[in-house]
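A.B. asks: predicted model, plus sequence, below.
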Amino acid sequence: MAIKRVSGRKADELRPIKAEVGIIPNADGSAMFSFGDTVAIVAVYGPRQLHPQHMQDPSTGILRVNYDLLSFSVSDRKRPGPSRRSTEISKVIEWALLPVLNIKDFPNTVIDVQIYILQADASTRVAGINAASMALAHAGIPMKNLVCAVAIGKLDKDLVVDVDKDEEDFEKGEGATDFPIAKIANSDEYTLMQLDGKIQPEIVKKALEMADKACDEIYEIQKKALKEVVEK
Ligand code: CDP
């Protein structure tokens, strides 16, 4: 029997996506990306000289990501400021984006990527990656390709694409598994794979196939948003 999702979506159906580039005039690059009620905005500044000067590295530039889940983005107000969770997510997003950047071409500099989650309904790190990837391209930073990301979930035994909060909180049977994945578009190079919960090795392949298909859809939307700003 086909899986019943609270939202009524099919197993491989993404939430409605909105993507826009160039939303913050003073940033070098900016973008918003939303999966349904999960909304991420990103501002990119740089590459610019890194200060304090002793932190500069003449052999490479530095990518510095800051992910922030804003206090009123969730129903239980979140304490403002950094947390272990935001530090971890900032780091994994950095690692997810670095493989598409030729960061060594920008010695002594820093590229700052500020990610704000304005509204959270799960899958915020992957929404942040999609927005950050567009914002880096908008900043004119040479990239091998865009990075596309989505979270695959497992509800009991069924795989679903683009996990929302109801699914994240699913408690029946084996419970919910959240499997966020990022990949370089049009390739089979994955740059982020995390797992919160359990997944049987034999269904990982199926989960990756679902992520690939979703990422193809996301990539088209990202490209369209970038083209729109170029045409303007
Ligand atoms: O957002 P993502 O799925 O990447 O990361 P998570 O740590 O698995 O968080 C899942 C969801 O829990 C978030 O998207 C929020 O909707 C919610 N959350 C929350 O309500 N309060 C927090 N302090 C942290 C997360």
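C.D. replies: Happy to help now that I have it.

A.B. asks: going forward, measure contacts and count neighbours with C-alpha atoms only.
C.D. replies: Will do.

A.B. asks: tell me the spacing between Ala211 and Arg5.
C.D. replies: Look at Ala211 and Arg5: by C-alpha to C-alpha, to the nearest Å, they are 18 Å apart.

A.B. asks: helix, strand or coil for the residue of the chain found nearest the ligand?
C.D. replies: Nearest to the ligand in the chain, going by C-alpha to the nearest ligand atom, is Ala122, at a distance of 2.9 Å. The three-state assignment at Ala122 reads coil, by DSSP: H, G, I helix; E, B strand; the rest coil.

A.B. asks: tell me which residues touch it, please.
C.D. replies: 38, 163-165, 168 (C-alpha atoms under 8 Å, 6 or more residues apart in numbering).

A.B. asks: ok, Met143 next?
C.D. replies: Contacts of Met143 (C-alpha under 8 Å, 6+ apart): 100-102, 137.

A.B. asks: 6 Å instead, please
C.D. replies: By C-alpha atoms under 6 Å, 6 or more residues apart in numbering, the contact set of Met143 is 100-101.

A.B. asks: that one pairs with what?
C.D. replies: Going by DSSP bridges, Met143 is paired in beta bridges with Leu101.

A.B. asks: residues of this structure that sit close to the ligand?
C.D. replies: 74, 78, 120-125, 165 (C-alpha under 6 Å from any ligand atom).

A.B. asks: for the helix or strand bottoming out on mean pLDDT in the chain, name the packing helices and strands.
C.D. replies: Ranking every helix and strand in the chain by mean pLDDT, DSSP states H and E puts helix 165-168 at the bottom, with a mean of 93. Applying 3 or more C-alpha pairs under 6 Å, 6 or more residues apart in numbering; DSSP states H and E, one finds that helix 165-168 makes contact with no other helix or strand.

A.B. asks: in that helix, what's buried?
C.D. replies: Along helix 165-168, these residues count as buried under the neighbour rule (16 or more other C-alpha atoms under 10 Å): 167-168.

A.B. asks: next: stretch 219-232.
C.D. replies: 219, 221-222, 225-226.

A.B. asks: picking up where we left off before, most widely separated two among the contacts of Ala122?
C.D. replies: With distances taken as C-alpha to C-alpha, the most widely separated pair in the contacts of Ala122 is Thr38 and Glu168, at 13.1 Å.

A.B. asks: all good on my end, thank you.
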